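Asks: this one's sequence-less:
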């Protein structure tokens, strides 16, 4: 008889049960930790998905307001507060020059919720009176997600382009 066989025979059934239950408990704890990690990852993905949906809504809303000649409202709703004065001056210049936006196309956009930033490339078709010639301008927009003051919101960080 070997030492190992002797050791196994001399253990009581209770000792063997305790060793097995300890192994099962360790396995159960590992399983619980794995489930918790999966759930946390799922929560993060759901939050990123919600941020991306919110961004797309804000991006489309801003560009629609520009298209329908609501430039001042677009600036007040979507622009970072520190940039609003400059934005309003540009909006006034656009109005004085008789610029009319006739159409827009979102060419591409990239939303990175984990970095709290997004980039958009939009093309606007417009004319400026007294000319009736349609021109196209490319507007590169940079957006940032700012959860400050409890008003979680995407805000535009780039000014209006010069419609020349």
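Replies: Structure's in. What do you need? Keep in mind that what you see is a predicted model, and the values were worked out from it rather than measured. Residues are numbered from 1 along each chain as shown.
Asks: mind listing what residue 161 touches?
Replies: Contact analysis of residue 161 by Cβ atoms under 8 Å, 6 or more residues apart in numbering lists 124, 137, 138, 139. Just so you know, the C-beta spots here come from the backbone N, C-alpha and C atoms, and that holds for glycine as well.
Asks: go again using 7 Å as the cut-off
Replies: For residue 161, the contacting residues are 137, 139, by Cβ atoms under 7 Å, 6 or more residues apart in numbering.
Asks: pretty sure it is in a helix, no?
Replies: No: the assignment for residue 161 by DSSP: H, G, I helix; E, B strand; the rest coil gives coil, which leaves it out of any helix.
Asks: distance of it from residue 115?
Replies: 24 Å (Cβ to Cβ, to the nearest Å).
Asks: now swap in residue 54 and tell me
Replies: Applying Cβ to Cβ to residue 54 and residue 115 gives a distance of 15 Å.
Asks: for residue 97, same thing?
Replies: 37 Å.
Asks: Have a look at the two and say which one is more surrounded.
Replies: residue 97 (12 against 9; other Cβ atoms under 10 Å).
Asks: Show the contacting residues for the nearest residue to that one once chain neighbours are set aside.
Replies: Sequence neighbours aside, residue 128 is the residue nearest to residue 97 in space, at 5.3 Å (criterion: Cβ to Cβ, 6 or more residues apart in numbering). Residue 128 is in contact with 97, 98, 99, 163, counting by Cβ under 7 Å, 6+ apart.
Asks: residues of the helix or strand hosting residue 73 that come out buried?
Replies: Counting by DSSP states H and E, the element that carries residue 73 is helix 71-78. Neighbour-count burial for helix 71-78 flags 71, 74, 75, 78 (criterion: 16 or more other Cβ atoms under 10 Å).
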